[in-house]
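Participant: here is my input; please provide its structure:
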Amino acid sequence: MSTNLLIWIILAPLLGAILNGALYFYNIKKKKICENYFAIIGTLTPLISFLITLSLFLRMIEEKIVFKQHLFTWLNVSNLNIDMAFLGDNLSIFMSMFVTFVGWLIHIYAVGYMKGDEGFGKFFAYFNLFLASMLILVLADNPIILFIGWEGVGVCSYLLIKFYYGHKENVVAANKAFIVNRVGDFGFLLGIATLFFALGQVDLSFSSIEANLGNTTNGWLLLAGFLLFVGAMGKSAQIPLYTWLPDAMAGPTPISALIHAATMVTAGVYMVARFHFLYSGIEEIGIFIAYIGAFSALLAAIIATRQTDIKKILAYSTMSQLGYMFIAVGLGFYSSGLFHVFTHAFFKAMLFMGAGGIILALHHEQNIFKIAQHRASLPIIGFTFLIGVIAISGIPPFSGFFSKDTILAAAFQEGQYLIYGIALFTAFLTAFYMFRLYFIVFVAPNHHRKDYVYTSRTITIPLLILAIGAVGAGFLNFPAIFGGSHLVDSWLGQLQSKTITLSHSTEYILMALSVIVAATGIFVAYKKYANFDVSKPELETGFIGNKLYVDELYDFLFVKSTKAISKFIDKVLDDKVIDGFIMKSSTNFVEIGKKVALIQNANVRFYAAFMLVGMSCIFVYLYISLGL
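Facilitator: Next up, the predicted model:
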């Protein structure tokens, strides 16, 4: 019976999406449906998914079992067999737990944030569908089904980023996200195809792929691993496929929270962890993943130091934190990377939701200096935002410290000192730009009276719950040197053989260094921005302020060059070469036709003469050939 519950984890939000969509279409014509009906359906279905997941989690703890549900055979052609099947093992249930829980809180938050919006019902239909797609991805038993969820979150992100499609920039941002992700998805598909042909077997379940890895060479596995990671680069916004993520802030803030905290961008990290059996045996691709993560973390942190849009600062911080996660999984410390996914979900959801509350209070203003000039009194948002900033900065005992410190220790233990140095410097930058954001928005003096602004409970209650997670989630993987039992590492032990084996003295030194670096970043931000004159705001200028001109470079290399090639084909090849050749050829055919028309003139006597000449030629040929 419990096995059959797996599908209901997905079906609950999927049915919510269908029902909300149907009610929305009805509401367009009748205008009679209250927002509360959409809200009840939209928030109840994620809760059902969470409760089902929790029940399976508790049973797994008690009985030490793995759930698997086969629905039907989707494709059976010759020897190719693809099952519509779902897997509830330690990894997928771990992911589903916080995806559904955090997703549920964000849905509650969205009720208050989207109140009064004419697209309220449509938003919750998309929102439920987004969560259902992520759960398909997480619970899939084979990469084909995973890819359905993979594409589902991509489509839903497109729909939600351009939710306010009346503004051109929102549509452009959605198109950018969709196109960049198609590049990554093409790599993902090629990776699956490479595995299929290389392994010499056709059952594409994850267990079957793992069992048959010995049927091919490391070269093919290296290629497959690289191509699959290209998909992760796009979905999780890593170098070079990251430029879509900041622009994705065009959508309503609840979707930003859902994308960055629990769904789309974490899919790449999950995919690499799901293919741990592939990446663990290929050291080269693992190091490559770790370096991509390190440089992505650094690049995003550098750009974030000069941004002025509150949501874009948080977007770049997500890209940077994802870089830490890829460092961990690339080096083979999968549970450490997933633990950071887990802690990050709490404080990043809280930060985005807090930013959304500020934006609402300031009439949709997103520039941090303008927010500071017209600051409102938002005590709960200010308090929870500070907790989130401390957590992401890696200050103990907040959750971000424990998850980030483990990744730093893993890089040091593996002898990857360059990666360790980059990650440590990024930790300094993270503390700096996040407290820059906090000091400007909440602390820097202004000349306006701080009026209290009422914030809906549907916004503040989820923030307070997430604040508890941002503080306490780290204790679920409390280090052994402090008497902890590494619960998350134990739960995900199937993924890796590597653990932190440094001496206690070395761990203490590394932890102290990490805290000192973060504290230095906070101190620098305090000195510069705690008393900053917000009437003279910083501008997004210069090399860093313009995001290192990467967007302009991509525009030149890919967009403008493609347009130039298209114009060349249209004006030169098409008009002058192809059309010229066709026109010349047709003219020649006309001339030939005219000459042929001299023979085909409908004159019977002319035809008779030609027949006579032809028959005479035949008779002469026969006479000569027969020797008469």
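Participant: and Ile395, backbone torsions?
Facilitator: phi -100, psi 130 (degrees, to the nearest 10).
Participant: swap that for Ser585, please
Facilitator: Torsion angles, degrees, to the nearest 10, at Ser585: phi -60, psi -40.
Participant: please apply the same query to Ile381.
Facilitator: The phi/psi pair for Ile381 (degrees, to the nearest 10) is phi -60, psi -40.
Participant: what's in contact with stretch 120-128?
Facilitator: Outside of stretch 120-128, the residues that reach it under the criterion C-beta atoms under 8 Å, 6 or more residues apart in numbering are 13-14, 16-18, 20-21, 23-24, 27, 33, 35, 38-39, 41-42, 45-46, 107, 110, 114, 117, 156, 159-160, 163, 252, 254-255, 258. C-beta here means a position set from N, CA and C on the backbone, and glycine is covered the same way.
Participant: which residues does Leu331 contact?
Facilitator: By C-beta under 8 Å, 6+ apart, the residues touching Leu331 are 286-287, 290, 410-411, 414, 416, 419, 498.
Participant: ok, 10 Å please
Facilitator: Shown in contact with Leu331 (C-beta atoms under 10 Å, 6 or more residues apart in numbering): 283, 286-287, 289-290, 293, 337, 407, 410-411, 413-414, 416, 419, 496, 498.
Participant: just give the closest residue to Leu463, not the sequence neighbours.
Facilitator: Thr384 (4.4 Å; C-beta to C-beta, 6 or more residues apart in numbering).
Participant: pretty sure Ser92 contacts Phe67?
Facilitator: Yes: the criterion here is C-beta atoms under 10 Å, and Ser92 meets it with Phe67 at 8.9 Å.
Participant: those two: who's more crowded?
Facilitator: The residue with more neighbours, out of Ser92 and Phe67, is Ser92; 26 against 19, by other C-beta atoms under 10 Å.
Participant: which pLDDT value belongs to that one?
Facilitator: At Ser92, the predicted lDDT confidence score is 95.
Participant: break this protein down into its domains, please.
Facilitator: 344-544, 555-626 (automatic domain parsing).
Participant: where exactly do the helices run in the stretch 251-400 of the chain?
Facilitator: For the stretch 251-400 of the chain, the helices defined by DSSP state H, counting those that start in this stretch occupy 253-261, 267-274, 276-279, 283-304, 310-330, 334-361, 368-373, 379-393, 399-413.
Participant: out of those, which gets nearest to Leu5?
Facilitator: Closest approach to Leu5 among the helices of the stretch 251-400 of the chain (C-beta to C-beta): helix 267-274, 21.0 Å.
Participant: that older thread, what is in contact with Ser92 and Phe67 at once?
Facilitator: With C-beta under 10 Å, 6+ apart as the test, Ser92 and Phe67 both reach 6, 56, 86, 139.
Participant: which helices and strands does the longest helix along the chain pack with?
Facilitator: Longest helix in the chain, counting residues (DSSP state H): helix 168-199. Helix 168-199 sits against helix 143-161, helix 206-211, helix 218-235, helix 244-247, helix 267-274, helix 550-554, with contacts defined as 3 or more C-beta pairs under 10 Å, 6 or more residues apart in numbering; DSSP states H and E.
Participant: compare those helices and report which one is nearest to Tyr529.
Facilitator: helix 244-247 (21.4 Å).
Participant: before we move on, the earlier item: same list, the helices of the stretch 251-400 of the chain, but as TSV with mean pLDDT please.
Facilitator: Shown next, in TSV, are the helices of the stretch 251-400 of the chain (pLDDT from 0 to 100):
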stretch	mean pLDDT
helix 253-261	90
helix 267-274	94
helix 276-279	92
helix 283-304	95
helix 310-330	95
helix 334-361	94
helix 368-373	92
helix 379-393	95
helix 399-413	94
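Participant: could you confirm Asn81 falls within a strand?
Facilitator: Yes: residue assignment for Asn81, taken from DSSP: H, G, I helix; E, B strand; the rest coil, places it within a strand.
Participant: turn the helices and strands packed on helix 168-199 into a markdown table, including mean neighbour count.
Facilitator: Below are those laid out as a markdown table (neighbours: other C-beta atoms under 10 Å):
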| stretch | mean neighbour count |
| --- | --- |
| helix 143-161 | 22 |
| helix 206-211 | 16 |
| helix 218-235 | 22 |
| helix 244-247 | 24 |
| helix 267-274 | 26 |
| helix 550-554 | 14 |
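Participant: for the residue nearest to Gln307 when sequence neighbours are not counted, give me its contacts.
Facilitator: Nearest non-adjacent residue to Gln307, counting by C-beta to C-beta, 6+ apart: Ile313, 4.8 Å away. Neighbour list for Ile313: 246, 249, 303-307, 351, 355, 366, 368, 433-434, 436-437 [criterion: C-beta under 10 Å, 6+ apart].
Participant: which one of those sits in the busiest neighbourhood?
Facilitator: Busiest of the contacts of Ile313 [other C-beta under 10 Å] is Leu351, holding 32 neighbours.
Participant: all good on my end, thank you.
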